[in-house]
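>>> With the sequence up front, the predicted model follows.
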Amino acid sequence: MSIRTKTLLQVAAGAALAGTFAFTAAQAQETVKIGLIVPMTGGQASTGKQIDNAVKLYMQQHGDTVAGKKIEVILKDDAAVPDNTKRLAQELIVNDKVNIIAGFGVTPAAFAAAPLATQAKVPEVVMAAGTSVITERSPYIVRTSFTLAQSSTIIGDWAVKNGIKKVATLTSDYAPGNDALQFFKEHFTAGGGQIVEEVKVPLSNPDFAPFLQRMKDAKPDAMFVFVPAGQGGNFMKQYAERGLDKSGIKVIGPGDVMDDDLLNGMGDSALGAVTAHMYSAAHPSQLNKDFVAAYKKAYNQRPGFMAVGGYDGIHLVYEALKKTGGKADGDSLIAAMKGMKWESPRGPISIDPETRDIVQNIYVRKVEKKDGELYNIEFATFEAVKDPGKTKK
């Protein structure tokens with residue numbers, strides 16, 4: 001072999017090696033990282049577990065590569081404590097270089113991360129928290145869960161049209177509880193209904209018993225209840241212990257109190273409860289039947305509405321990446337997410353291009369026994385409901 005040929009081969013080998021390094025570096029940049037911040041411990045743990053389960057299920061079904069990019073989810077437990085949320089969001093953005101932050105089990109957590117999303121231009125996909133103003137806190141926030149106003153206005157109208165004249169209210173004392181109360185009251189009293197007792201309970205580790213006694217003494221036709229997902233089981237246990245289930249006082253409210261993953265554990269005291277919500281595990285579409293079957297097979301339990309918020313949240317990320325051709329900067333992703341429409345296990349949904357909030361059907365449901373299990377059975381549908389908390393402004 002001539003010296004010249006040998007030199008050419010060495011140059012070619014060197015170039016190939018350099019190319020390999022360049023390819024490896026490019027591959028490293030081909031990962032889209034999602035920081036999933038949810039409560040996996042504490043009072044809201046069921047919310048975090050449902051969201052985490054649903055994200056994993058979606059990725060098992062659709063693969064972990066989209067638009068040529070590898071999807072990596074970094075799970076962090078904030079225990080629904082906003083100071084934790086802020087610290088974890090900062091670490092994920094600065095140290096882990098995530099492209100997206102997602103999850104947010106409660107409103108204060110979503111609020112805590114909002115300034116960081118704006119500053120870093122990183123999309124914040126809210127999969128759980130339900131206060132109207134959340135999407136106004138940052139131009140990089142998109143929501144796939146619900147707002148309390150969507151369901152509370154509808155149950156307020158339903159109650160007054162269905163012979164419920166006097167209501168006592170019990171709501172958790174934080175932003176979503178205040179939203180639920182405000183929008184229910186506006187609609188219920190506008191129709192001629194009367195609020196006879198109003199109670200706010202602490203968000204953390206509430207003991208409902210003393211408040212329930214006040215409810216019983218007020219002798220309303222119904223109790224309007226909002227407690228966050230995960231607390232409904234404890235509430236209904238104390239409701240039954242205080243004999244309210246035998247007193248003829250109905251439970252009404254947004255659907256959080258009758259969360260599907262806890263419903264069977266509530267026992268017959270939950271029968272007849274009427275709530276308005278965006279999802280029931282008994283939703284009759286084929287897509288939902290398949291979703292419920294797959295979730296049950298994977299986790300040996302029924303999915304609730306928080307699972308659907310997580311499932312649709314990761315779907316939104318996948319579809320946005322397809323639309324951008326894999327571009328994962330915040331501005332490109334947010335632009336792609338605006339106006340997106342798809343069929344979810346809950347029914348048809350879309351992202352309002354102006355507010356970046358979810359537009360969806362709200363169903364009025366009643367707890368009934370079906371095949372020996374308790375389900376929220378839908379009996380009325382309100383289509384394509386936008387957040388009334390924004391449409392009023």
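Cool, got the structure.
>>> dump the residue contacts of residue 369.
Each residue near residue 369 by Cβ atoms under 8 Å, 6 or more residues apart in numbering is listed here: 271, 375. Every C-beta, even on glycine, is put in place using the N, C-alpha and C of the backbone.
>>> Tell me the pLDDT of it.
Residue 369 carries a pLDDT score of 96 in this model.
>>> and it, what helix or strand is that in?
With the criterion set as DSSP states H and E, the secondary-structure element containing residue 369 is strand 358-370.
>>> now swap in residue 180 and tell me
helix 175-190.
>>> Report the distance from that helix to the chain centre.
On the basis of Cα atoms, centre = their mean, to the nearest Å, helix 175-190 is displaced by 20 Å from the centre of the chain it belongs to.
>>> Counting neighbours, show which residues of it come out buried.
Applying a neighbour-count criterion of 16 or more other Cβ atoms under 10 Å, one finds 175-188 buried in helix 175-190.
>>> any idea which of those residues is closest to residue 307?
residue 176 (18.5 Å; Cβ to Cβ).
>>> contacting residues around residue 148?
Counted by Cβ under 8 Å, 6+ apart, residue 148 has contacts 130, 131, 132, 176, 177, 179, 180, 183, 226, 254.
>>> quick revisit: using TSV, lay out the buried residues of helix 175-190 together with distance to residue 50.
Written out in TSV, the entries for the buried residues of helix 175-190 read as follows (distance: Cβ to Cβ, whole Å):
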residue	distance to residue 50
175	21
176	17
177	20
178	24
179	21
180	20
181	25
182	27
183	25
184	25
185	29
186	30
187	29
188	30
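>>> coming back round to it: so which elements touch the next helix or strand after the helix holding residue 180?
Past helix 175-190, heading to the C-terminal end, the next element that is a helix or strand (DSSP H and E) is strand 194-201. Using 3 or more Cβ pairs under 8 Å, 6 or more residues apart in numbering; DSSP states H and E as the contact test, the elements touching strand 194-201 are strand 166-172, helix 175-190, helix 209-218.
>>> Sheet partners, orientation included, of the first one?
The pairing partners recorded for strand 166-172 under DSSP bridges are strand 194-201 (parallel), strand 222-226 (parallel).
>>> Excluding chain neighbours, what is closest to residue 139?
Spatial nearest neighbour of residue 139, excluding adjacent residues (Cβ to Cβ, 6 or more residues apart in numbering): residue 118 at 6.7 Å.
>>> If I look at the one you found, what pLDDT would I see?
Per-residue confidence for residue 118 comes out at a pLDDT of 98.
>>> ok, and the helix or strand in the chain with the lowest average confidence?
Ranked by mean pLDDT, DSSP states H and E, the helix or strand of the chain with the weakest confidence is helix 3-29, at a mean of 44.
>>> Break down this structure into its helices, ranges please.
Listed in chain order, the helices found in the chain under DSSP state H are 3-29, 45-62, 82-94, 107-120, 148-161, 175-190, 209-218, 232-241, 260-263, 286-299, 305-324, 330-337, 388-391.
>>> helices and strands around the third one, which ones?
When you say that, I think you mean helix 82-94. Applying 3+ Cβ pairs under 8 Å, 6+ apart, we find helix 82-94 packed against strand 31-38, strand 69-77, strand 100-103, helix 107-120.
>>> Output the helices and strands packed on strand 194-201 in a markdown table; the columns should cover distance to residue 378.
Below are the helices and strands packed on strand 194-201 laid out as a markdown table (distance: least, Cβ to Cβ, whole Å):
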| stretch | distance to residue 378 |
| --- | --- |
| strand 166-172 | 22 |
| helix 175-190 | 20 |
| helix 209-218 | 27 |
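>>> out of these, nearest to residue 51?
Distance to residue 51, taken as Cβ to Cβ, is lowest for helix 175-190 among these, at 16.4 Å.
>>> what's the angle from the closest one to helix 107-120?
Interaxial angle, helix 175-190 versus helix 107-120 (axes from the mean of the first three to the mean of the last three Cα atoms, to 10 degrees): 120 degrees.
>>> Show me the domain layout of this structure.
31-146+286-356, 149-277+362-391 (automatic domain parsing).
>>> Which of those comes out lowest on mean pLDDT?
Of all the domains of the chain, the minimum mean pLDDT falls on domain 149-277+362-391 (a mean of 94).
>>> Just give me how far that one sits from the chain centre.
Shown here is domain 149-277+362-391, whose average C-alpha point lies 18 Å from the average C-alpha point of the whole chain (Cα atoms, centre = their mean).
>>> Please apply the same query to stretch 329-339.
Remark: stretch 329-339 is offset 20 Å from the chain centroid, using Cα atoms, centre = their mean.
>>> buried residues in that stretch?
By neighbour count with 16+ other Cβ under 10 Å, stretch 329-339 contains the buried residues 330, 332, 333, 334, 336, 337.
>>> one step back: pick out the most distant pair among the contacts of residue 148.
132 and 226 (13.8 Å).
>>> so what's residue 93 up against?
Applying Cβ under 8 Å, 6+ apart, the residues near residue 93 are 35, 101, 116, 120, 122.
>>> who's the second one bridged to?
Pointing back at residue 101 there. With DSSP bridges as the criterion, the beta-bridge partners of residue 101 are residue 35, residue 124.
>>> Surely it and residue 126 touch.
No - under the criterion of Cβ atoms under 8 Å, residue 101 makes no contact with residue 126, lying 9.7 Å away.
>>> And the helices of the chain: which comes nearest residue 357?
For those, proximity to residue 357 was assessed by Cβ to Cβ; helix 388-391 is nearest, at 6.6 Å.
>>> Not counting its own residues, what contacts the closest one?
Residues lying outside helix 388-391 but in contact with it, judged by Cβ under 8 Å, 6+ apart, are 132, 133, 135, 136, 147, 149, 150, 153, 179, 183, 355, 357.
>>> Local confidence estimate at the fifth one?
Read it as residue 147. The model's pLDDT for residue 147 equals 97.
>>> residues touching it, list them.
Contacts of residue 147 (Cβ under 8 Å, 6+ apart): 130, 131, 132, 179, 357, 358, 387, 388, 389.
>>> quick one: which of those residues has the most company?
Ranked by neighbour count under the definition other Cβ atoms under 10 Å, the contacts of residue 147 are headed by residue 130 with 32 neighbours.
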